[in-house]
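A.B. asks: heads up, no residue letters with this:
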């Protein structure tokens with residue numbers, strides 16, 4: 001899962017949210033250097049990734065992208081999953097996305113000095129470009145893939161990745177909506193927290 005999903009899956013604890021958000025940037029036993037609730041968020045991040053990587057629906061999505069991205073297909077699937085979380089947001093959250101993201105941005109600034117150095121560099125760009133909300137559009141996803149290709153080892157194949165997404169759009173959307181409720185249940189069990197959802201949501 002990518003940034004938006006990890007934040008959403010953190011419950012109401014601000015420290016858990018911070019920990020889950022920075023999880024990719026805290027290696028090994030470094031989580032022990034953080035306050036207890038932040039550490040729990042980091043560990044939850046790892047559990048979310050393990051569940052996601054082993055889920056059959058995600059495996060099927062990766063296969064769709066493997067001819068283009070090879071071993072990096074899973075990274076692109078993570079970004080696509082955030083797109084479908086935005087697309088289906090009202091089914092999973094009672095709070096409008098702009099309000100949700102604005103609260104998160106404020107949380108980042110108030111906890112800025114405990115963020116890993118790599119995250120500190122990224123935060124101003126994430127906020128200024130409204131990256132979490134940008135997942136709503138194909139253009140926003142493409143820009144994210146382009147930026148990642150410039151700063152990571154992800155191949156610069158954004159146009160081909162978007163082509164696969166468009167051609168297999170319903171497949172990815174259906175896979176997301178089969179997978180995500182199961183992930184929520186898993187997170188509530190292993191993280192011992194409750195994810196707020198609309199009262200009318202049925203899984």
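C.D. replies: Here it is on my side, so go on. The model shown is predicted, which means the values in this text are computed figures rather than measured ones.
A.B. asks: From the contact counts, what lies against the one helix or strand residue 20 maps to?
C.D. replies: Following DSSP states H and E, one finds residue 20 within helix 14-21. Applying 3 or more CB pairs under 8 Å, 6 or more residues apart in numbering; DSSP states H and E, one finds that helix 14-21 makes contact with helix 3-8, helix 36-53, helix 97-110. For glycine as for every other residue, the C-beta is placed from the backbone atoms N, C-alpha and C.
A.B. asks: got the contact list for it?
C.D. replies: 3, 6-7, 9-11, 31, 34-35, 37-45, 48, 104, 107-108, 111, 114-115, 119, 191, 193 (CB atoms under 8 Å, 6 or more residues apart in numbering).
A.B. asks: Quick one, which of these are buried?
C.D. replies: 3, 6-7, 9-11, 31, 34, 38-45, 48, 104, 107-108, 111, 115, 119, 191, 193 (16 or more other CB atoms under 10 Å).
A.B. asks: now the longest helix belonging to the chain against helix 36-53, angle please.
C.D. replies: Ranked by residue count, the top helix of the chain under DSSP state H comes out as helix 169-190. Here the directions of helix 169-190 and helix 36-53 differ by 140 degrees (axes from the mean of the first three to the mean of the last three CA atoms, to 10 degrees).
A.B. asks: Quick one: list the elements packing against helix 169-190.
C.D. replies: helix 36-53, helix 56-69, helix 73-87.
A.B. asks: now what about the second one, what contacts it?
C.D. replies: When contacts are taken as CB under 8 Å, 6+ apart, the neighbours of helix 56-69 outside the stretch itself are 52, 73-77, 80-81, 154-155, 157, 160-161, 164, 168, 171-172, 175-176, 178-179.
A.B. asks: What mean pLDDT does it get?
C.D. replies: What helix 56-69 shows for mean pLDDT is 97.
A.B. asks: how about it: buried residues?
C.D. replies: 57, 58, 61, 62, 64, 65, 68, 69.
A.B. asks: Show me which pair in those is furthest apart.
C.D. replies: With CB to CB as the measure, no two of the buried residues of helix 56-69 lie farther apart than 57 and 68, at 19.1 Å.
A.B. asks: quick one: contacts for the spatially most central residue of the chain?
C.D. replies: Centroid-nearest residue in the chain: residue 2, 2.2 Å away (criterion: CA atoms, centre = their mean). Residue 2 sits next to 78, 79, 81, 82, 135 when contact means CB under 8 Å, 6+ apart.
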